[in-house]
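S.K.: sequence first, predicted model second:
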Amino acid sequence: MSNNCSVIRDLIAMYADRETSPQTSKIIAKHLEECPECREYYEHTNNVVRSMKQPPRGNHYRYSALARQIRQRNAIIVSAGCTAFFTLGVIAAKLMSSDR
Ligand SMILES: [Zn+2]
């Protein structure tokens, strides 16, 4: 492993994340063409970056969908509660008025 390789490998995570500048990306891409060891390292890093990125993104969507469902359910419970309270009030009022 040359000095060049250690520099490339320092940048490879950023490169896999597409956060390197176009010039740096070009240097890395050229090095990867010439260096099978770094290419293997890049492929591994790329897999790790991808596997790290996807599950949290999926979870994030699931959490926001869940939060929305909970919010909707709470709204339904609140309105159902209000309706029940109102209905009980009406029934109570009717019962009381029929008593008299
Ligand atoms: Zn290399």
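M.R.: Everything's here; your move.

S.K.: tell me the helix or strand right after the one helix or strand Tyr15 maps to.
M.R.: Counting by DSSP states H and E, the element that carries Tyr15 is helix 3-16. Downstream of helix 3-16, the first helix or strand assigned by DSSP H and E is helix 22-34.

S.K.: quick check, pLDDT for the closest residue to Asn4 other than its chain neighbours.
M.R.: Closest residue to Asn4 in three dimensions, ignoring its sequence neighbours and counting by Cβ to Cβ, 6 or more residues apart in numbering: His31, at 6.7 Å. Yep, even glycine has a C-beta here, placed from its N, CA and C like the rest. According to the predicted model, the pLDDT of His31 comes to 96.

S.K.: ok, now the one 10 residues further on?
M.R.: According to the predicted model, the pLDDT of Tyr41 comes to 94.

S.K.: give me the element it is part of.
M.R.: Assigned by DSSP H and E, Tyr41 falls within helix 36-99.

S.K.: list the contacts of Cys38.
M.R.: Cys5, Ile8, Arg9, Ile12, His31, Leu32 (Cβ atoms under 8 Å, 6 or more residues apart in numbering).
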